[in-house]
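Chemist: Next one to model:
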Amino acid sequence: MANWKKSELKAKKKEDLTKDSSSNSEVKELREEMRELKTQMLELLSNMNMLSQTRTADQGELGSHTVPLATPPTFADIVRSTVKNTTKEEKAQAQVVISNAKEEDSDLQFMSSLCEKISHKSMPKNVSRIGTKSADRVRPMVVTFDSNFDARTFMSRFDDSKSDDDVSTPPIKIRPYRTREDQTMYKKKLKITRELDKKAKDESPNISFSLMNNGCIWKYTKDAACNKWRRDPEWSDSEDRDNTKPKESMSGNDYGTAQHNPHGTQQWNLLPLNIRSMRNSVTFKKQLKTFLFNRAFNEPVSC
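Modeler: Here you go, the predicted model:
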């Protein structure tokens, strides 16, 4: 019995040593990568200083005014900024905006009742209103879920419930939340869509254009046989955007329907942040060098 216990303890100790050895090798690899990246950054800074001195000498010969160089950001600053922007995007993707929801009752109570009606199990973790309360308008409601999956599932279930006669849904509109950049782009696309739609209506009443929630402009033609609007998948707008593929310029992909619906629902694809894969990426290292160089000379950054 004692010999069996000793052999078991030895085997466990050997297993622990193997795990420690594996962990130590991973730590060594990470340290080597950090040293390599640090060496590359030092070489880049050295080359930048040499170029700066040459540039200053040339400007001195021409008698021009020398502008002091900006302090280049550290690698930690770049990673911190990347993580911050990614977190902001992930939060925006987990939010939806509800219009025409009355402000009489509690917003949380309203959302609880709505989720129960459409059989959506995941409850929102936060509900708020946009803007200052006013008597002549209803403020849009911003609903935050735990993840973008819960948000798009909520929108999908609401769309399905609208066509179900057994479910009484309130007269509200739901769309994905847009960041400030996405909202600016959406307004530009909306102007283009209105111009296209007006021109199409002047030529034929059976052609229409709609702007989807993800920023895609879709063309619709009316089917005379069934008197329904159908999307033309072969059409693309003047900027040569392929509307049959997922949109990259704005967050998410629109799953849409065959019906003419300018307030289509959109699905979002998360891009999870993986620092390790980002660090090992050759493209990222090139972008880092370009970023540091352009930042130092106050030139436009094109990463």
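
Chemist: Could you pull out the strands in the protein for me?
Modeler: 95-99, 126-129, 141-144, 173-176, 207-211, 217-223, 228-231, 253-254, 266-267 (DSSP state E).

Chemist: Nearest to residue 33, out of those?
Modeler: strand 253-254 (34.5 Å; C-beta to C-beta). Every C-beta, even on glycine, is put in place using the N, C-alpha and C of the backbone.

Chemist: Take the strands of the chain and write them to TSV, including mean neighbour count.
Modeler: TSV is the format used below for these (neighbours: other C-beta atoms under 10 Å):
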stretch	mean neighbour count
strand 95-99	19
strand 126-129	14
strand 141-144	21
strand 173-176	20
strand 207-211	20
strand 217-223	19
strand 228-231	16
strand 253-254	19
strand 266-267	20
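
Chemist: Format these as a markdown table; extra columns: distance to residue 26 and mean pLDDT.
Modeler: Formatted as a markdown table, the strands of the chain follow (distance: least, C-beta to C-beta, whole Å; pLDDT from 0 to 100):
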| stretch | distance to residue 26 | mean pLDDT |
| --- | --- | --- |
| strand 95-99 | 37 | 92 |
| strand 126-129 | 38 | 92 |
| strand 141-144 | 36 | 94 |
| strand 173-176 | 39 | 91 |
| strand 207-211 | 49 | 90 |
| strand 217-223 | 49 | 89 |
| strand 228-231 | 51 | 88 |
| strand 253-254 | 36 | 40 |
| strand 266-267 | 36 | 38 |
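
Chemist: Distance to residue 78 for those strands - can I get that in a markdown table?
Modeler: Shown next, in a markdown table, are the strands of the chain (distance: least, C-beta to C-beta, whole Å):
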| stretch | distance to residue 78 |
| --- | --- |
| strand 95-99 | 27 |
| strand 126-129 | 30 |
| strand 141-144 | 28 |
| strand 173-176 | 29 |
| strand 207-211 | 35 |
| strand 217-223 | 35 |
| strand 228-231 | 42 |
| strand 253-254 | 29 |
| strand 266-267 | 30 |
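
Chemist: of those, which approaches residue 32 most closely?
Modeler: Taking these one by one with C-beta to C-beta, strand 253-254 is closest: 39.6 Å.

Chemist: what ranges do the helices span in the protein?
Modeler: For the chain, applying DSSP state H gives helices covering 2-62, 75-93, 107-117, 148-162, 180-203, 275-280, 282-296.

Chemist: Thanks again, I'm all set now.
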